[in-house]
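Chemist: here you go, sequence then predicted model.
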Amino acid sequence: MAIVTPTAAPRIRARRPGHVIGLGLIYVGLALGTILFLGPMIWGALSSFKTENQLYTTFLPSPFTTSAYTDSFNAIPNIGRVFLNSVFDYGIVTVGALVFSSMAGYALARLQFLGRGFLFNLVLFTMTIPSMLTLVPLYILIADYFNWGDTYQAIIAPALVSPVGIFLFRQFFSTLPVELFEAGRLDGLSDLSMLFRIAWPLSRGAVVTVAVLVFMNGWDDFLWPLVVEHDQNYQTATQAVGLFVRGGASNGYLTWQLAMATVLALPVLAIFIFGQRYFVEGIATTGLK
Amino acid sequence: MATDTVPTVSSRPEPAPQARRHLAGRFWRHNATGWALMLPYIIYFSLFTAFPIGFAIYLSFHRWNNLFKPPIPHGFSNYIYLFHDANFWNALHVTIVFAVVFVVVTVPLALSLALLLNQALPGRSFFRVVFFMPYITPAVVISIVFLWLYQTQNGILNNILGFFGISPVPWLTDTAVAMPAISLMVVWKQAGYFTVIFLAGLQGIPRQLYEAAAVDGATGWRQFRDITVPLLAPAMLLVVVFATLTGFSIFTEPYILTQGGPDNATLTVTLYIYKWAFEYSTFGYASALGVVFAVIVFIIVAIQRLVFERDSYT
């Protein structure tokens, strides 16, 4: 269910010629916007099915060929493993972030305790810290002190809690009616039970939003895997594709690179389309304080 | 997890010593649940945020090029070197130009799209999703697509421009054009996200205000200037701050597209720090760079908050 209750604008009924033109112009604007926003990616995906010399000359591939896909997959050893790594790493991160962030969000929204305001401000503050400040010490902590270089936990551990997730859960849980929790308390439920058995089922929007956000940010991440994973067996998909482009393994074949890019984008796109109804609404609430 | 008891509300006289012990127990029980639920975040923050920040500051006063040996105290030398480091100032210039272009283009664009989408048109949610697609696409993917789009010789963009009689633009190979080119690409990627935030802000403005203003004879422009803009100030602040942070943090796009070239024209501070840390293995100086960079970003964000919160009507 939508978190935001928008003030409904009245349905536009074109009454005068001016209205129709205005409406038409808006749709033209939106159509242009669609071409602008979808065009590059659709064209790029289409081009991945072309032969290299057609890259710039035709819109539709003719003949339609998947050679870019087979060639580029052969050019990256471990390509299957690399994708599995991404799914594994960020799947676990997403589950962890959902659990831990909702715990903190619940505490901040529903419980009274010493330091609550301070901790909430701390969460907000964490969201604004430039990542370059902590990059080097984090690397030393994880790769050197913990000796987690070239492992799964190097990627998973620092991402198990999401401050944005805490913020979203806290906002959302604050809107749930108090009576539900009072009833739960009367029934003798502990706070943990109330979180997972009462709050969660009612918060599908927040859960989907945080899940998509965390997974997407993880999948998308290039810099951190680049820093901590050098062994090809532990690299992530995004990292491998990025290195493929920059490392010469693609022999400069843009079709290969576009093929890899298309494959890389599919999982997040699928997840987004699945959850987009909740997700876009959920993002909107980050704007409401 | 122990059942949290509902505290009994009753007037309490000065607690006798024996009662005080009970009081202390109540304090713990009252707060324990909250703290316990916050524990994962507290651990996360201490380990992966607080400690690294402190460690970064510590390291910035040391020289550390070999991880097998301890860091060597170096006083302010890193900062002095930084002050004279032309490459750093160049990188800062590149980054600031990028961030400014990014914010200046993205904010009006996102606002315009939000205003467009705020009409109750059929198919509105479809368009909202469309504009949002680049945002969820991985930066690496978008960089590859634009690597191809921006090709000077045969790139689609130059082909289209050629149609209109414009000669090919060296998007990624000209020192003056490269960074704006990357900037536009990131605008394209991020616009949808800010559009959604603006849209939520717009929808939070009560319709009655516009109706009342119309009754008073205010035109669309007056309504926009006197109702929309002031009430949108909180969303505006959020968008500007987040856009600024985004602009300052980009790494993947210049890394994939140009690797900081041509001639360091796209060498952002992030790339520069990466180079010092992981290509030259100079962790002390890289930390100093990170500290200075973070301070600069903090100052800029603080100024923005002053500007916007002063004018906010909420």
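Modeler: Everything's here; your move.
Chemist: what distance do you get for whatever residue of chain B ends up closest to chain A to B:Phe27?
Modeler: Chain A sits closest to B:Gly34 of chain B, with a gap of 2.9 Å, by Cβ to the nearest Cβ. All C-beta spots, glycine's among them, are computed from the backbone N, C-alpha and C. The spacing between B:Gly34 and B:Phe27, counted by Cβ to Cβ, to the nearest Å, is 12 Å.
Chemist: could you do B:Pro108 as well?
Modeler: Note on B:Pro108: its distance to B:Phe27, by Cβ to Cβ, is 53 Å.
Chemist: likewise for B:Tyr280?
Modeler: Going from B:Tyr280 to B:Phe27 by Cβ to Cβ gives 53 Å.
Chemist: please report phi then psi for B:Arg63.
Modeler: phi -110, psi 130 (degrees, to the nearest 10).
Chemist: ugh, typo on my part, it should be B:His62
Modeler: phi -130, psi 170.
Chemist: wait, A:Ile155 touches A:Val228, no?
Modeler: Yes. Taking contacts as Cβ atoms under 8 Å, A:Ile155 lies within contact range of A:Val228: 6.9 Å.
Chemist: quick one, which of these two is more surrounded?
Modeler: A:Ile155 (27 against 22; other Cβ atoms under 10 Å in any protein chain shown).
Chemist: what's the burial count for the residue in chain A that chain B sits nearest to?
Modeler: Taking Cβ to the nearest Cβ, chain B has its nearest neighbour within chain A at A:Phe113, 2.9 Å off. Close neighbours of A:Phe113, defined as other Cβ under 10 Å, add up to 17.
Chemist: tell me the secondary structure for it?
Modeler: Following DSSP: H, G, I helix; E, B strand; the rest coil, the label given to A:Phe113 is coil.
Chemist: mind listing what it touches?
Modeler: A:Ala107, B:His30, B:Asn31, B:Thr33, B:Gly34, B:Trp35, B:Met38 (Cβ atoms under 8 Å, 6 or more residues apart in numbering or on different chains).
Chemist: quick one: the last one from A:Phe120, how far?
Modeler: Okay, so that is B:Met38. Look at B:Met38 and A:Phe120: by Cβ to Cβ, they are 10 Å apart.
Chemist: mutual contacts of those two, please.
Modeler: A:Leu108.
Chemist: in what helix or strand does the spatially most central residue of chain A lie?
Modeler: The centre of chain A sits closest to A:Met216, judged by Cα atoms, centre = their mean, with a distance of 1.9 Å. Using DSSP states H and E, A:Met216 sits in helix A:204-220.
Chemist: output the contacting helices and strands for that helix.
Modeler: Here helix A:204-220 touches helix A:79-110, helix A:163-174, helix A:237-246, helix A:254-284, going by 3 or more Cβ pairs under 8 Å, 6 or more residues apart in numbering or on different chains; DSSP states H and E.
Chemist: would you turn those into a markdown table with mean pLDDT, distance to B:Pro52 and mean neighbour count?
Modeler: As requested, the helices and strands packed on helix A:204-220 are exported to a markdown table (pLDDT from 0 to 100; distance: least, Cβ to Cβ, whole Å; neighbours: other Cβ atoms under 10 Å in any protein chain shown):
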| stretch | mean pLDDT | distance to B:Pro52 | mean neighbour count |
| --- | --- | --- | --- |
| helix A:79-110 | 94 | 18 | 21 |
| helix A:163-174 | 91 | 15 | 23 |
| helix A:237-246 | 91 | 21 | 24 |
| helix A:254-284 | 85 | 28 | 22 |
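Chemist: please convert these to JSON lines, extending it with distance to B:Pro71.
Modeler: What follows is these, written out as JSON lines (distance: least, Cβ to Cβ, whole Å):
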{"stretch": "helix A:79-110", "distance to B:Pro71": "30"}
{"stretch": "helix A:163-174", "distance to B:Pro71": "29"}
{"stretch": "helix A:237-246", "distance to B:Pro71": "28"}
{"stretch": "helix A:254-284", "distance to B:Pro71": "38"}
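Chemist: surely A:Phe181 touches A:Leu195?
Modeler: No. Here A:Phe181 lies out of contact with A:Leu195, judged by Cβ under 8 Å, at a distance of 9.7 Å.
Chemist: more neighbours: which of the two?
Modeler: More neighbours surround A:Leu195 than the other of A:Phe181 and A:Leu195, with 25 against 20 (other Cβ under 10 Å).
Chemist: excluding chain neighbours, what is closest to the more buried one?
Modeler: Nearest residue to A:Leu195 in three dimensions, chain neighbours excluded: A:Tyr106, at 4.7 Å (Cβ to Cβ, 6 or more residues apart in numbering or on different chains).
Chemist: residue contacts, the one you found?
Modeler: A:Phe169, A:Arg170, A:Phe173, A:Asp191, A:Met194, A:Leu195, A:Ala199, B:Leu37.
Chemist: report the contact partners of the closest residue to the third one other than its chain neighbours.
Modeler: Excluding the flanking residues, the one nearest A:Phe173 by Cβ to Cβ, 6+ apart is A:Ala109, at 3.8 Å. A:Ala109 is in contact with A:Phe169, A:Arg170, A:Gln171, A:Phe172, A:Phe173, A:Ser174, counting by Cβ under 8 Å, 6+ apart.
Chemist: same check on A:Leu133?
Modeler: With contacts defined as Cβ under 8 Å, 6+ apart, A:Leu133 is in contact with B:Pro52, B:Ile53, B:Ala56, B:Gly290, B:Val291, B:Phe293, B:Ala294.
Chemist: now find how far off-centre stretch A:275-289 is within its chain.
Modeler: Relative to the mean C-alpha coordinate of its chain, stretch A:275-289 is positioned 13 Å out (Cα atoms, centre = their mean, to the nearest Å).
Chemist: now the helices for the stretch 101-250 of chain B?
Modeler: B:124-136, B:139-149, B:156-163, B:178-203, B:207-215, B:220-223, B:229-231, B:233-249 (DSSP state H, counting those that start in this stretch).
Chemist: more neighbours: which of B:Met38 and A:Phe120?
Modeler: Ranked by neighbour count (other Cβ under 10 Å), B:Met38 and A:Phe120 place B:Met38 first, with 27 against 19.
Chemist: where does the more buried one land in three-state SS?
Modeler: Secondary structure, three-state DSSP: B:Met38 is helix.
Chemist: pretty sure it is touching A:Leu119, no?
Modeler: Yes. Using Cβ under 8 Å, B:Met38 is in contact with A:Leu119, at 6.0 Å.
Chemist: now do the shared contacts for the two.
Modeler: A:Ala104, A:Leu108.
Chemist: can you list the domains in chain A?
Modeler: Using automatic domain parsing, the domain parsing of chain A gives A:17-70, A:78-287.
Chemist: re earlier: turn the helices of the stretch 101-250 of chain B into TSV, including mean pLDDT and mean neighbour count.
Modeler: Converted to TSV, these look like this (pLDDT from 0 to 100; neighbours: other Cβ atoms under 10 Å in any protein chain shown):
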stretch	mean pLDDT	mean neighbour count
helix B:124-136	87	20
helix B:139-149	91	26
helix B:156-163	84	15
helix B:178-203	91	23
helix B:207-215	84	13
helix B:220-223	79	12
helix B:229-231	84	16
helix B:233-249	90	21
